[in-house]
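Peer 1: predicted model, plus sequence, below.
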Amino acid sequence: MCHFSVFLQALILLGICLGTNFSFVFSMVCLAEEEAVSRPAHGIPGLQEQLDALSDPSQCLYSPEKNPTREELEALAEAKPVTVTIPKGTYHFYCERGLVQEHFVSNHDQDNPKSVGISFQNLKNVTFDGSGSTFVFHGKMLPIVLKNCANCTLKNFKIDFADPAICQVKVLENTSEGLTIELASEVEYEVKDGRLFFSGTQWHYSPGTGIAFEEKTRRLVFTTSDVHVNLANVKELRPRVFFCPNWKNEKLVPGTCVALRPWHRPACGIFVFHDLNTTLENIQIHYAEGMGVLAQMSENIHLNGLSVCLRGENNTRYFTTQADATHFSGCKGLILSENALYESMMDDAINVHGTYLKVVKRVSDTTLLGQYSHPQTYGFHWGTVGDEVQFIRSNTMEHFDSVNRVTAIKAVDQPTEHGAKVFEITFEKPVPEEISEAGTFGIENLTWTPEVIFRKNIIRNNRARGALFSTPKRTVVEENLFDHTSGTAILLCGDCNGWFETGACRDVVIRKNTFVNALTNMFQFTNGVISIYPEIPNLKDQRKYFHGGKPDSILIEENVFKTFDHPILYAKSIDGLTFRKNVIEKNADYPEFHWNQKTFLFERAANVKIEENESSFPLTIEKR
């Protein structure tokens, strides 16, 4: 007898014993049976149990007190490798059946607990092979957690969601009276008090913004940026087709597909935390309600063919992730990202940075209170005893000359670093006298900064920017194709006032890349195809330079720029910038529109060299 039949008989017997109306019990059982038959089973049979059996709860790689010891590293090298392989298939995961876990994920909404699909924790020398399977998630879920693991590889699978919170519509008609739109088949909707709402598992909203894509090319529509949306007073002409009198935009021609989006970031696709020597290989992420991959406080990460991409040329969706494709916060060692396709996401392909703690109290000459100061970044380990740090003036983004070391660190507002915003940090040497809560100062962890290699990737048709780097370690960006990134293709930033993302770039090589028609739209930091753009509230009083510090600190060479407009390179507060042996080709694919009509625009730039370049139009330079 099948398990469900036994369950049915038990329920009927229970109803009789309790005097419950039999027809009610029977109807509930029938509904349960219908649901059990109509939707696939949850998860991958036996997988989580197998992973838990391999877990070593005593393993602790990183904490405020320690890094991996020599003995631990030797033991890891000697541990037997294990490969866990699943049969190829399509596996479904439901939010109400997920693992309930609490995770504070950098640059995301800190809503806990989270429903987790697959949890890889406390493992060593484990390879997980998905055999080309597709994992489909239902509701608000964090699909995969890789935490406190050493020498682990995840490979050969796809991540997707059944009902993404980005809702797609197609413009059928555009008149002076308003837009007529058709909803994508996967979008659930209702009209309430004349306003169009969309809904899915655990979400319901009426969007106010969206991103517009050309129907055939899937590129962002020229000069539309974040499209204002008004879905009030709509009229349903026929099922899934609406006239929207309050939504008017002459640039949205018939055929335009608009991805309507909320701004929430509840979870990433893959969360990497406190891991050593991680490889993510041949993985495709088709949607996540935050970043595709978010890695924090981890060492040595290799992305090889990890793509954030559409499901294929015939995919009806025009969007992928709600935010960045990949994001690295407070990591160290080497980040190597190669052989990937990043397309159609709502933010950057890659962002690498640390986090400034804002100084909120001077406790003594050697002790400060530092605070995570952005609402989407807090709650996790910031530093370890022995880490090297430096201090910065937030207003002018000038570093203090000397570095210091952490001798003690503890959370103040929580029992441990988990969930904490404020840390008491004691340093090896006295802190400069002017640093206190009376001014605006930040603390940067120099130890948790990575070397980066970003190569042989394709970045195309996405919102905002292509690649962001904020690390003092060597960064090499080479042999990539930046194809219609819509905003700046490469940004070197640094901000101790808003996102509090460290830090200064000292050694960057950008070479042998091809840039095709960047800057078709305006977003933040979009002053040139390549923008060196730290956030400096008081630039006029700055005496030092933020980026660089030696000749050729930022070297841009042997690239090809194919552009319809003028601005190629913008740089602010840089000492040591070289732009040489590049080819600039002008086209007429779009009309010129950018406010910056200089090829090179510099603000507080020293030791700049522009030499041996080829261009199809005269190059212009302005220094401010």
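Peer 2: Here it is on my side, so go on.
Peer 1: host element of residue 75?
Peer 2: helix 70-78 (DSSP states H and E).
Peer 1: run through who's touching that helix.
Peer 2: Applying CB atoms under 8 Å, 6 or more residues apart in numbering, the external contacts of helix 70-78 come out as 61, 68, 124-125, 150-151, 276. Where you see a C-beta, it was placed from the backbone N, CA and C, and this is true even at glycine.
Peer 1: go again with 10 Å.
Peer 2: With CB atoms under 10 Å, 6 or more residues apart in numbering as the test, helix 70-78 has contacts from 59-61, 66-69, 124-125, 150-151, 276-277.
Peer 1: the stretch 151-300 of the chain: helices as residue ranges?
Peer 2: With DSSP state H, counting those that start in this stretch, there are no helices along the stretch 151-300 of the chain.
Peer 1: ok, the chain next?
Peer 2: With DSSP state H, the ranges of helices along the chain come out as 3-17, 22-38, 47-54, 70-78.
Peer 1: mean pLDDT for those: which is lowest?
Peer 2: Mean pLDDT per stretch puts helix 3-17 lowest among the helices of the chain, at a mean of 35.
Peer 1: which stretches of the protein have low pLDDT?
Peer 2: 1-37 (pLDDT under 70).
Peer 1: how is it carved up into domains?
Peer 2: 3-38, 47-163+266-287+313-320, 167-260, 355-445, 459-623 (automatic domain parsing).
Peer 1: can you lay out the ones you listed as a markdown table showing mean neighbour count and distance to residue 334?
Peer 2: Converted to a markdown table, the domains of the chain look like this (neighbours: other CB atoms under 10 Å; distance: least, CB to CB, whole Å):
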| stretch | mean neighbour count | distance to residue 334 |
| --- | --- | --- |
| domain 3-38 | 12 | 47 |
| domain 47-163+266-287+313-320 | 19 | 10 |
| domain 167-260 | 17 | 32 |
| domain 355-445 | 18 | 17 |
| domain 459-623 | 20 | 9 |
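Peer 1: for those, which one sits closest to residue 348?
Peer 2: Closest to residue 348 of the domains of the chain, according to CB to CB: domain 459-623, at 4.8 Å.
Peer 1: start and end of the closest one, how far apart?
Peer 2: 30 Å (CA to CA, to the nearest Å).
Peer 1: beta-bridge partners for residue 284, please?
Peer 2: residue 158, residue 307 (DSSP bridges).
Peer 1: dump the residue contacts of it.
Peer 2: 132, 134, 156-160, 292, 305-312, 320, 340-341 are the contacts of residue 284 under CB under 10 Å, 6+ apart.
Peer 1: if we go to 7 Å?
Peer 2: By CB atoms under 7 Å, 6 or more residues apart in numbering, the contact set of residue 284 is 158, 307, 309.
Peer 1: could you do residue 414 as well?
Peer 2: residue 420.
Peer 1: cutoff 10 Å now
Peer 2: Contact analysis of residue 414 by CB under 10 Å, 6+ apart lists 378-379, 420-423.
Peer 1: may I see the residues you listed organised as JSON lines, with distance to residue 53 added?
Peer 2: Below are the contacts of residue 414 laid out as JSON lines (distance: CB to CB, whole Å):
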{"residue": "378", "distance to residue 53": "34"}
{"residue": "379", "distance to residue 53": "29"}
{"residue": "420", "distance to residue 53": "32"}
{"residue": "421", "distance to residue 53": "36"}
{"residue": "422", "distance to residue 53": "38"}
{"residue": "423", "distance to residue 53": "36"}
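Peer 1: mind checking which of these are in strands?
Peer 2: Judged by DSSP state E, strands contain the following of these: 422-423.
Peer 1: out of the contacts of residue 414, which one sits closest to residue 466?
Peer 2: residue 378 (27.5 Å).
Peer 1: where does the closest residue to that closest one other than its chain neighbours fall, phi/psi-wise?
Peer 2: Nearest residue to residue 378, sequence neighbours excluded (CB to CB, 6 or more residues apart in numbering): residue 372, at 3.6 Å. Per-residue torsions, residue 372: phi -60, psi 130 (degrees, to the nearest 10).
Peer 1: in contact with residue 372, which residues?
Peer 2: Listed by CB under 10 Å, 6+ apart, the contact set of residue 372 reads 104, 106, 355-358, 378-380, 382, 420-423, 500.
Peer 1: kindly indicate which of those residues lies nearest residue 404.
Peer 2: Using CB to CB, the contacts of residue 372 come closest to residue 404 at residue 357, 13.2 Å.
Peer 1: just the strands from the stretch 301-450 of the chain, written as ranges.
Peer 2: Remark: strands assigned in the stretch 301-450 of the chain by DSSP state E, counting those that start in this stretch are 326-329, 332-338, 341-343, 350-355, 357-364, 367-371, 388-393, 398-399, 404-411, 422-427, 441-445, 450-455.
Peer 1: quick one: which of those strands is nearest residue 244?
Peer 2: Here strand 341-343 is closest among the strands of the stretch 301-450 of the chain (CB to CB), at 27.9 Å.
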